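Asker: Fold the stuff below for me.
(4 chains)
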There are 2 protein chains.
Amino acid sequence: MDNVEFATALHTLTLLAGSEDVVSSAFMASSINVNPVVVRKSLARLRSLGLVETREGKGGGARLAKPASSILLSDIYKAVNKAPLLGRTNHPNPDCPVGRQINERLYTLYEEADKAILEKLESITLADFRSKFK
Amino acid sequence: MDNVEFATALHTLTLLAGSEDVVSSAFMASSINVNPVVVRKSLARLRSLGLVETREGKGGGARLAKPASSILLSDIYKAVNKAPLLGRTNHPNPDCPVGRQINERLYTLYEEADKAILEKLESITLADFRSKFK
DNA sequence: CATACTGTAATATTTTTTATTACAGTACAA
DNA sequence: TTGTACTGTAATAAAAAATATTACAGTATG
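Answerer: Predicted coordinates for the structure are as follows:
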């Protein structure tokens, strides 16, 4: 479903929160232990939501677009999770009365569960998270 | 990770909540549009948590082990989700100070997010969910 | 203009999920 | 007491999803 890993995005942003100047995708990739392309894809999402700025060319890389204290973990979640976590592909039989109706009910439920996560993540800033490290 | 789909389990239980006598895995599978073996695996989890009873042999099948009004959607979630939803495989580089510490912090965060979902699901009984259908 | 980056597409590989097959065990019913 | 209709579960196959790799055009810097 072309999802980007939340952990990758949060790890990336945590690294950026600890650096004044731009950081290259290669450096971050080696810290996260994933491929640089994965980091760049993740950054593309974060950039589209205004969380990071990137600079191309020599000496380029990424940095936070605003203070870590004003980035909520829910912002990251939204950037990265397109579909509700709990829902997956589910194709009930249209001839079954329960099957027919259940999908919309499930979807509503999944959205509620997602909202519960979001509310939790809204209460934590990137600066909070980052401050847990020495 | 050998996870069982929450939607499959809930669909199964919704069918059982609407029937007095036992229902076969083949019938439920055709409503859900999955393989009967997937339904039986799901039922195995639900049975181990005391949510359903199954009967082997001819005329066998499954039924609720207790009233739908006393089954919480969080019970189903617990039966089915072994690991937190938000966490996935993540193997940061042990030589990076951030990478080294981040895993345990992430895990704590994932558990908190999971708790948020659980609290939401605790507020809904299977009977509530089922009552939404005619 | 050489160098060191980003952006992104195309493809391959790996991992995870789901399906299928197979078959032993159990209960009912003629 | 035997055939029938189920469950339980393991082993394997297939499909789907995530991740890695390769490739290369574009861009900023010195």
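Asker: How about the contacts made by the residue nearest to A:S69 when sequence neighbours are not counted?
Answerer: The spatial neighbour of A:S69 that comes closest, neighbours along the chain excluded (CB to CB, 6 or more residues apart in numbering or on different chains), is A:A127 at 4.1 Å. Every C-beta, even on glycine, is put in place using the N, C-alpha and C of the backbone. Taking CB atoms under 8 Å, 6 or more residues apart in numbering or on different chains as the criterion, A:A127 is in contact with A:17, A:67-69, A:71.
Asker: got the contact list for A:L109?
Answerer: A:86, B:73, B:124, B:129.
Asker: if I read this right, the second one contacts B:L121, doesn't it?
Answerer: So the one you mean is B:L73. Yes - using CB atoms under 8 Å, B:L73 is in contact with B:L121, at 4.0 Å.
Asker: When those two are compared, which one has more neighbours?
Answerer: B:L73 (24 against 21; other CB atoms under 10 Å in any protein chain shown).
Asker: Roughly how far does the more buried one sit from A:L109?
Answerer: Between B:L73 and A:L109 the computed distance is 8 Å (CB to CB, to the nearest Å).
Asker: list residues touching both of the two?
Answerer: The contact sets of B:L73 and A:L109 overlap at B:124, B:129 (CB under 8 Å, 6+ apart).
Asker: Just give the nearest non-adjacent residue to A:L85, would you?
Answerer: B:L85 (4.8 Å).
Asker: Tell me which stretches of chain A form helices.
Answerer: Secondary structure of chain A by DSSP state H: the helices cover A:6-17, A:25-32, A:36-48, A:73-80, A:97-122, A:126-130.
Asker: Assess the claim that A:T12 and A:K41 are in contact.
Answerer: No - taking contacts as CB under 8 Å, A:T12 lies outside contact range of A:K41: 10.8 Å.
Asker: Just want to know which of these two has more residues nearby.
Answerer: Taking neighbours as other CB under 10 Å, A:T12 and A:K41 compare with A:T12 leading, 26 against 16.
Asker: Any idea how many residues pack against A:A26?
Answerer: Neighbour count of A:A26, defined by other CB under 10 Å: 12.
Asker: got it, and A:S123?
Answerer: Neighbours of A:S123 under the rule other CB under 10 Å: 12.
Asker: I'd like to know how far A:A7 sits from B:A113.
Answerer: A:A7 is 12 Å from B:A113, by CB to CB.
Asker: ditto for A:A68
Answerer: Distance, A:A68 to B:A113, by CB to CB: 20 Å.
Asker: And those two? Which one has more around it.
Answerer: Remark: of A:A68 and B:A113, B:A113 carries more neighbours, 23 against 18, as counted by other CB under 10 Å.
Asker: Please give me every residue in contact with that one.
Answerer: A:117, A:120-121, B:84-86.
Asker: One more: A:R130?
Answerer: Residues counted as contacts of A:R130 (CB under 8 Å, 6+ apart) are A:14, A:17-18, A:68.
Asker: Need the worst-confidence member of those.
Answerer: Among the contacts of A:R130, A:G18 carries the weakest pLDDT, at 89.
Asker: how many neighbours does that residue have?
Answerer: A:G18 - counted by other CB under 10 Å - has 13 other residues nearby.
Asker: and what of the one 4 residues further on?
Answerer: Using other CB under 10 Å, A:V22 is surrounded by 16 other residues.
Asker: ok, now the one 3 residues further on?
Answerer: A:S25 has 21 neighbours, counted by other CB under 10 Å.
Asker: now do A:K58
Answerer: Using other CB under 10 Å, A:K58 is surrounded by 5 other residues.
Asker: same thing with A:L64?
Answerer: Neighbours of A:L64 using other CB under 10 Å come to 17.
Asker: partner residues bridging it?
Answerer: Here A:L64 sits in beta bridges with A:V52, as judged by DSSP bridges.
Asker: Would you mind measuring from it to A:L15?
Answerer: On the measure of CB to CB, A:L64 and A:L15 end up 10 Å apart.
Asker: surely A:K66 meets A:L51?
Answerer: Yes - using CB under 8 Å, A:K66 is in contact with A:L51, at 7.5 Å.
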